[in-house]
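Engineer: Here is the input, now give the coordinates:
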Amino acid sequence: MTVGLLLGQRSVGWSSSMRIMALVASLGLATLAACSPASQGGENSVSVSEAYIVKPTPGRDVAGGGLTLTVTGDAMALVGADTDIADTVELHTMSMEDGVMRMRKVEQLDVSEDAPLVLESGGAHLMLFGVSPDIEIGETVDLVLTLTGSDGSESTLTTEAEIRGLGD
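Structural biologist: Below you'll find the predicted structure:
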């Protein structure tokens, strides 16, 4: 293919077939761009509500916690949590197996527009180990959530969690 140059010589342009091929290629690219998902490369909106941590019973330093996580845009995954009042925070699920309730640590919990993530007692939940005995029912503490996007990007979100009593 020759592109014409204007250097005092006659310009050599594209042939008709070259112009047609370029037009077809550009139309193909425009069609592909129009078919891509609208949320691709867009911003997600994430919100947290009802975040809580249950105060451990006297003499114990293990607690559970919950929250509701919603997302608008691409699906995400909750991959971690942290708070200053506990040494470790893990993601857990509960399931009934052969009449016995089993709790398992998981690496991630998925959330999407169609499926908000509800963490609560008896289901998926936060499990806190090494919880400070100094927390009081009714106070709030920072809870930092770590999320990954469908593209592998990682982000954190800080929310306040209320300290509740067992059964509240």
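Engineer: Quick check: which element contains Ser47?
Structural biologist: strand 45-54 (DSSP states H and E).
Engineer: Then His92?
Structural biologist: Here His92 is assigned to strand 88-97, by DSSP H and E.
Engineer: rewinding a little: which element is encountered next along the chain beyond the strand holding Ser47?
Structural biologist: Tracing the chain C-terminally past strand 45-54 and defining elements by DSSP H and E, one meets strand 62-72 next.
Engineer: ok so, going back, using neighbour counts, pick out the buried residues of the strand holding Ser47.
Structural biologist: By 16 or more other Cβ atoms under 10 Å, the buried positions in strand 45-54 come out as Val46, Val48, Ala51, Tyr52, Ile53, Val54. C-betas here are computed from N, CA, C, even on glycine.
Engineer: Spit out the contact partners of the spatially most central residue of the chain.
Structural biologist: Nearest to the mean C-alpha position of the chain, by Cα atoms, centre = their mean, lies Met76 at 3.1 Å. By Cβ atoms under 8 Å, 6 or more residues apart in numbering, the contact set of Met76 is Asn44, Val46, Asp110, Val111, Ser112, Leu147, Thr148, Gly149, Ser150.
Engineer: Right, I'll call it a day here.
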